[in-house]
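Engineer: Give me a model of this one.
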Amino acid sequence: MSLYNVFDIAGSGMSAQNIRLNTTASNISNANSISSSQDEVYRARHPVFAAELNKATAANPSTLSSSVGVKVLGIVESDKPLQVEYNPNHPSADKDGYIYKPNVNVVEEMTNMISASRSYQTNVQVADAAKQMLSKTLLLGQR
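Structural biologist: Take a look at the predicted model:
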C-alpha cells in the first residue's frame, strides 16, 4: 500500500467522524423537543459505518482503489421507545393529555461526541505523521 493511501484513509475517517459529530449535535439539540403525536416526535439518529479494509488488503495491488477507509452507509433512526409523559396542562398535549419526548439520551450523546472528536483528532495526527514521513523521504534525496 502506498503512503499516499494513508491520506485517503485518514480523510475518509475524518469525513465519517464529521458526520457522526453532526448527527450527535442534531440529537442533542432536539433532546428537549416535545410533540403531541408519536409520528411527529424527533427520534435519535445514528450513522452506520462500514470498513473498506478488504479493498486495502487486496492480493493484487492493481485492484486497490482510492476508496479505502471508512464508508458511510447511511443514517438510521433509533428504535428505542419514546418518552411519554402525562401532562394535560401542557399546550402540546394530545386529547388524552400526553406529550411525547424524543428517545435521546443526552449522556450517551455527549459520550458519542467525545469519542467522535477524539477519533477525528487521531485521524488528523495520522495524516500529519504521513506528511512528515513524506517530507523526510524527500529530504533523503537531497543528500
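Engineer: Quick one: name whatever helix or strand follows the lowest-mean-pLDDT helix or strand in the chain.
Structural biologist: Every helix and strand in the chain was compared by mean pLDDT, DSSP states H and E; the lowest is helix 53-56, with a mean of 58. As assigned by DSSP states H and E, the chain's next helix or strand after helix 53-56 is strand 70-77.
Engineer: Return that following strand as CSV; C-alpha atoms alone will do.
Structural biologist: This file holds the C-alpha atoms of strand 70-77, laid out as CSV (Å, rounded to 0.1, in the frame of the first residue of the first chain):
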residue,chain,number,x,y,z
VAL,A,70,-14.5,4.2,6.0
LYS,A,71,-17.7,4.3,4.1
VAL,A,72,-20.9,5.8,5.5
LEU,A,73,-23.8,3.5,4.6
GLY,A,74,-26.4,5.9,5.9
ILE,A,75,-28.1,7.4,8.9
VAL,A,76,-30.7,5.4,10.8
GLU,A,77,-33.3,6.4,13.3
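Engineer: That strand pairs with which strands?
Structural biologist: strand 45-51 (antiparallel) (DSSP bridges).
Engineer: Need the distance between the two termini of stretch 72-85.
Structural biologist: End-to-end distance of stretch 72-85 (Cα to Cα, to the nearest Å): 35 Å.
Engineer: Pull the residues that contact stretch 16-30.
Structural biologist: 42, 44-47, 49, 69-70, 72, 75, 102, 104, 106, 109-110, 112-113, 116-117, 119-120, 123 (Cβ atoms under 8 Å, 6 or more residues apart in numbering). C-beta here means a position set from N, CA and C on the backbone, and glycine is covered the same way.
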